[in-house]
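In: next come a sequence and a model predicted from it.
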Amino acid sequence: MILYAAASPIVKALGVPEDEVVGVTRTDQVFPRATKVGSHLRPNLELIRALSPDLVIVGSKKAFPDSAAERLKAAIFRYDPRTLKEILEAIEALGRVLGREEAARNLVVELKAELAALKPLPRRPNVIYEVSSLPLKVAGRRSIVNDIIRVAGGRNLVTAEKKHVLLSPEAVLALNPDFYLYQVGPMNRNPVSPKKRPYFKGLESRVIRVDEHEFARPGLNAFSAAVKLNRIFFETLNQRP
């Protein structure tokens with residue numbers, strides 16, 4: 001049973017057969033034949049119990065508190081990494097739990113190899129990452145985005161120890177980032193391009209649109225996202241004036 005969609009691609013990559021995954025959240029498309037058991041924030045606990053899973057993979061304690069876990073007669077595996085290093089550690093731990101240690105080791109090697117494509121930058125660019133435009137929320141230090149930016153060679157200007165931080169447009173302009181990344185996805189549907197927003201009239205940053213599922217989920221995607229962002233930084237910073 002997987003109640004955090006970011007973990008599903010890992011479970012699949014470890015070679016777990018589809019018929020062994022009895023349930024997933026409603027937005028999870030990795031195991032389409034599994035029973036949908038609600039959202040990751042509001043799973044149907046009675047349905048989960050009826051499916052009798054041996055193992056339930058859940059996210060943070062905020063998303064799935066201990067009180068909910070205690071209602072299930074199953075082993076609980078918490079998947080809540082905030083850095084790429086923690087993703088690798090979680091893969092190895094999940095491999096042990098699932099009895100797929102070798103597959104986990106091989107996957108870790110593959111992901112580390114992806115990062116070999118990272119290029120050194122002439123300087124460390126300052127970055128702000130928009131989570132949602134209404135209200136204006138940006139990624140803080142407890143978001144996986146923070147580490148994707150770091151691994152790509154950049155610096156997140158938002159240092160609050162939170163996953164998401166409310167920030168005024170005036171504060172963004174005052175921070176004057178080199179790059180302003182804004183995600184598009186479930187948390188930021190159809191946002192107006194930042195350069196077209198009246199309150200960002202003075203924004204001089206390089207604006208980059210990114211896919212929320214690629215950048216904001218702490219899973220396999222985070223490694224390719226870091227490489228892609230590094231390439232954007234490299235190409236922009238090495239342009240001749």
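Out: Arrived safely.
In: phi, psi for the residue nearest to residue 75 when sequence neighbours are not counted please.
Out: Distance criterion Cβ to Cβ, 6 or more residues apart in numbering; nearest residue to residue 75, sequence neighbours excluded, is residue 55 at 4.9 Å. C-beta here means a position set from N, CA and C on the backbone, and glycine is covered the same way. For residue 55, the backbone dihedrals (degrees, to the nearest 10) come out as phi -140, psi 140.
In: could you report the pLDDT at residue 241?
Out: Residue 241 carries a pLDDT value of 60.
In: longest helix of the protein?
Out: Ranked by residue count under DSSP state H, the longest helix found in the chain is helix 221-237.
In: all strands of the chain, in order?
Out: 23-24, 35-36, 55-58, 75-78, 126-132, 137-139, 155-156, 164-166, 179-184, 206-211 (DSSP state E).
In: now do the longest helix of the chain and strand 126-132, the angle between them.
Out: Between the axis of helix 221-237 and that of strand 126-132 there is an angle of 130 degrees, by axes from the mean of the first three to the mean of the last three Cα atoms, to 10 degrees.
In: lowest confidence element among the helices and strands of the chain?
Out: Each helix and strand of the chain was given a mean pLDDT (mean pLDDT, DSSP states H and E); the minimum falls on helix 66-69 at a mean of 92.
In: buried ones in stretch 44-51?
Out: 44, 48, 51 (16 or more other Cβ atoms under 10 Å).
In: returning to that earlier point: in the least confident helix or strand of the chain, what's buried?
Out: Residues of helix 66-69 classed as buried by neighbour count (16+ other Cβ under 10 Å): 68, 69.
In: relative to residue 95, how far out is the residue most central in space within the chain?
Out: Computing the C-alpha centroid of the chain and ranking residues by Cα atoms, centre = their mean puts residue 217 first, at 1.9 Å. Per Cβ to Cβ, to the nearest Å, residue 217 is found 20 Å from residue 95.
In: then residue 124?
Out: For residue 124, the distance to residue 95 - Cβ to Cβ - is 34 Å.
In: compare these two (neighbour count), which wins?
Out: Set residue 124 next to residue 95 and count neighbours by other Cβ atoms under 10 Å: residue 95 wins out with 21 against 13.
In: which ones are touching the residue lying closest to the more buried one once chain neighbours are set aside?
Out: On the basis of Cβ to Cβ, 6+ apart, the spatially nearest residue to residue 95 that is not a chain neighbour turns out to be residue 104, at 2.4 Å. When contacts are counted by Cβ atoms under 8 Å, 6 or more residues apart in numbering, residue 104 is found next to 14, 91, 92, 94, 95, 96.
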